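# Show me the folded form of this:
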Amino acid sequence: MPILAILGRQTELSIAELESVFGAANISPVNQNICGLLNIDSVAAFDQLGGVQKAATTIAELKSSDWRQIIREVAKHIDGLTSSIEGKINLGLSVYGLPLTIGALNAGGLELKKQLKKNGRSVRVVPNKTLDLNAAQVLYNKLIGPSGVELIISKNKGGVLLAKTVWVQNIEAYAARDQARPKRDAKVGMLPPKLAQTILNLSGFDESKTVLDPFCGTGVVLQEALMMGGRAIGSDIEARMVDYTKSNLERLKQGNFSLQVGDATTCKWKEDFDCVACETYLGRPLSSLPDRQTLEKIVQDVNTIHKKFLTNLSRQTPAGLRLCLAVPAWKIPKGFLHLPILDRLTDLGYNRVSFVHTPTTKLIYHRENQLVARELVVLERI
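Numbering: from 1, shown residues only. So this is what the prediction gives:
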């Protein structure tokens, strides 16, 4: 049975990342929150995925979609799933894709607790405030490892799956390495390390490759590339940013990297690279949506920079080279305003990569009330 990947908040990005890493043929969407991964024997690679919050191994396909019957069937497996736990059991439940109330979910947890107590086991059930537990709740309540178990109950195309969580995203590690960077600059924005991982994976980067970030800023993408085991090349128009990146990467005490000062629209990169992954220039930060004329001017200025950058890069790269660029998309009342250059990519020597399981137009990293989103554009040099 397949490993289940429980997707992060931006599910479209998560699916595209999985497809880039494991291949479209090995991706089988279960519902809007979960993908099944075929022919995958280990969850070791999940540590390098930014868009997956949990992974679970499938235990059984349940015969009924009625919640009471589901709990009865889960109860048949609960002793075996907790037999290796010594002492008190921490038990958590997460439900995906089923029409269910929080009250019914918590009642189901208590039924499983009763089943375990009949066999003399001491059990603590984590109460649900939502239908699913997030990564922080799984970690805090020790639901994986020697003292706990999280059960995943998910709607599938053919019925209901029961699975056990075996991996959870280490959000504490992300926070620690983000906060520990000695050089930061809030004015240039904060690229989350998880998003940097996703950008790298969409670019086709792996430990055997060298990645270029032509807008390196404080070096978050390069940091994640080194931690994934590859080599990193960075450049930035500001010498101060290059110095910041140097300090941040030296702190890691691992990996091979090189840096140079250079405007991405004119820079001649000194070394060869296998892929490009970066957050480009997002334009000036906005605290409120400007009037139409001002917004059009902002978009046009940013578009010009991107056109010059892609033209410059195309002169220095071979056919087949893959890129993932996080470019700006402006939130407007009717949706998003995109860079005009995205409609003329072939004129500049690029094709936009399509995905089997998710539309390219949905690859937007956006938070509520954020006016400038990041649109992830995956390209291949023609």
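# show me where the stretch 101-250 of the chain has helices.
For the stretch 101-250 of the chain, helices defined by DSSP state H, counting those that start in this stretch occupy the ranges 102-118, 135-140, 171-179, 193-202, 220-227, 239-252.
# Which elements pack onto the first one?
The reference is to helix 102-118. The contact analysis (3 or more C-beta pairs under 8 Å, 6 or more residues apart in numbering; DSSP states H and E) places helix 102-118 against helix 67-82, strand 89-96, strand 123-125. The way it works is simple: take the backbone N, C-alpha and C, and place the C-beta from them, glycine included.
# most neighbours per residue, which of the ones you listed?
Mean neighbour count (mean count of other C-beta atoms under 10 Å) peaks for strand 89-96 among the helices and strands packed on helix 102-118, with a mean of 23.
# contact partners of that one?
Under the contact criterion C-beta atoms under 8 Å, 6 or more residues apart in numbering, strand 89-96 has outside partners 6, 30-31, 33-34, 54, 82, 105, 108-109, 112-113, 116, 121-126, 128, 131-133, 137-138, 141-143, 147-155, 165.
# List the residues that contact the residue nearest to the spatial centre of the chain.
Using C-alpha atoms, centre = their mean, the residue of the chain that lies closest to the mean C-alpha position is Gly51, 1.9 Å off. Contact analysis of Gly51 by C-beta under 8 Å, 6+ apart lists Leu7, Gly8, Gln10, Leu13, Ser14, Glu17, Leu18, Lys194, Gln197, Thr198.
# want to throw the helices of the stretch 101-250 of the chain into JSON lines with distance to Ser258 and mean pLDDT?
Formatted as JSON lines, the helices of the stretch 101-250 of the chain follow (distance: least, C-beta to C-beta, whole Å; pLDDT from 0 to 100):
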{"stretch": "helix 102-118", "distance to Ser258": "52", "mean pLDDT": "96"}
{"stretch": "helix 135-140", "distance to Ser258": "34", "mean pLDDT": "95"}
{"stretch": "helix 171-179", "distance to Ser258": "21", "mean pLDDT": "82"}
{"stretch": "helix 193-202", "distance to Ser258": "17", "mean pLDDT": "97"}
{"stretch": "helix 220-227", "distance to Ser258": "10", "mean pLDDT": "97"}
{"stretch": "helix 239-252", "distance to Ser258": "10", "mean pLDDT": "95"}
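# any chance of these in TSV, with mean neighbour count and distance to Ala24 too?
Compiled in TSV, the helices of the stretch 101-250 of the chain are given as follows (neighbours: other C-beta atoms under 10 Å; distance: least, C-beta to C-beta, whole Å):
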stretch	mean neighbour count	distance to Ala24
helix 102-118	16	33
helix 135-140	18	26
helix 171-179	13	27
helix 193-202	26	13
helix 220-227	26	24
helix 239-252	18	33
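# and Gly283, which of the ones you listed is closest to it?
Taking C-beta to C-beta, helix 239-252 is the member of these nearest to Gly283, at 16.8 Å.
# Can you name every helix or strand that that closest one contacts?
helix 220-227, strand 231-236, strand 256-261.
# So which residues make contact with it?
Outside helix 239-252, the residues within contact range by C-beta under 8 Å, 6+ apart are 180-185, 188, 216-219, 222-223, 226-227, 232, 234-236, 255, 257, 259-261.
# Quick one, which of those are buried?
For the contacts of helix 239-252, a burial check counting by 16 or more other C-beta atoms under 10 Å picks out 181, 188, 216-219, 222-223, 226-227, 232, 234-236, 255, 257, 259-260.
# follow-up on the earlier one: just so I know, which of the helices of the stretch 101-250 of the chain lies nearest Ala75?
Between Ala75 and the helices of the stretch 101-250 of the chain, the tightest spacing by C-beta to C-beta is seen for helix 102-118, at 4.7 Å.
# any idea how far the closest one is from the chain center?
Per C-alpha atoms, centre = their mean, to the nearest Å, the displacement of helix 102-118 from the mean C-alpha position of its chain is 32 Å.
# With stretch 47-64 instead?
Remark: stretch 47-64 is offset 15 Å from the chain centroid, using C-alpha atoms, centre = their mean.
# Output that stretch as CSV, nothing but the C-alphas.
The C-alpha trace of stretch 47-64 is given here as CSV (Å, rounded to 0.1, in the frame of the first residue of the first chain):
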residue,chain,number,x,y,z
ASP,A,47,13.2,16.0,5.3
GLN,A,48,14.0,17.9,2.1
LEU,A,49,10.4,18.6,1.1
GLY,A,50,9.0,22.0,2.1
GLY,A,51,5.4,21.3,1.2
VAL,A,52,4.5,18.1,3.0
GLN,A,53,3.6,18.4,6.7
LYS,A,54,3.2,14.7,7.5
ALA,A,55,3.7,11.2,6.0
ALA,A,56,1.9,8.0,6.9
THR,A,57,2.0,4.4,6.0
THR,A,58,-1.3,2.8,4.9
ILE,A,59,-2.6,0.2,7.3
ALA,A,60,-5.9,-0.9,5.8
GLU,A,61,-8.7,0.0,3.4
LEU,A,62,-11.9,0.3,5.5
LYS,A,63,-15.2,-1.2,4.2
SER,A,64,-17.5,1.6,5.4
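# Identify the bridge partners of Val211.
Judged by DSSP bridges, the bridge partners of Val211 are Ala232, Cys275.
# tell me which helix or strand of this structure sits lowest on mean pLDDT?
helix 171-179 (a mean of 82; mean pLDDT, DSSP states H and E).
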